[in-house]
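>>> only geometry, no sequence info:
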């Protein structure tokens, strides 16, 4: 389920950020990216706490990226890191 949840959102040509709404680094990332001129629909913030098993989602993000922390920023299919990598 976690794998499907993550993979269904990561798409070529799109920036997707996996977040937790209470995370200060996630809020900072949202603030930074929201100021950039993305075309509608090409920037998405995905709240991983909205699904039933947040821990499994973070485990899968670790498999993909080497880190289970949020935010995880994907440009297309490639993870560029977290807030400090912007």
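Looks like it came in fine. For clarity, every value in this text was computed on a predicted model and none was experimentally measured.
>>> for residue 25, see how far away the residue of the chain most remote from its centre is.
For the chain, the C-alpha farthest from the mean C-alpha position belongs to residue 37; by C-alpha atoms, centre = their mean, that distance is 18.3 Å. Summarising the geometry, the distance separating residue 37 from residue 25, computed by C-beta to C-beta, to the nearest Å, is 23 Å. To be clear about C-beta, it is placed using only N, CA and C from the backbone, and glycine gets the same treatment.
>>> same deal with residue 14?
Summarising the geometry, the distance separating residue 14 from residue 25, computed by C-beta to C-beta, is 21 Å.
>>> the chain: helices as residue ranges?
Listed in chain order, the helices found in the chain under DSSP state H are 2-7, 24-34, 54-65.
>>> as TSV, these with mean neighbour count and mean pLDDT would be great.
What follows is the helices of the chain, written out as TSV (neighbours: other C-beta atoms under 10 Å; pLDDT from 0 to 100):
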stretch	mean neighbour count	mean pLDDT
helix 2-7	16	93
helix 24-34	15	98
helix 54-65	16	96
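>>> to residue 43, which of those helices lies closest?
Comparison of these against residue 43 by C-beta to C-beta identifies helix 24-34 as nearest, at 6.1 Å.
>>> and the closest one, what does it pack onto?
Counting by 3 or more C-beta pairs under 8 Å, 6 or more residues apart in numbering; DSSP states H and E, the packing neighbours recorded for helix 24-34 are strand 15-19, strand 43-47.
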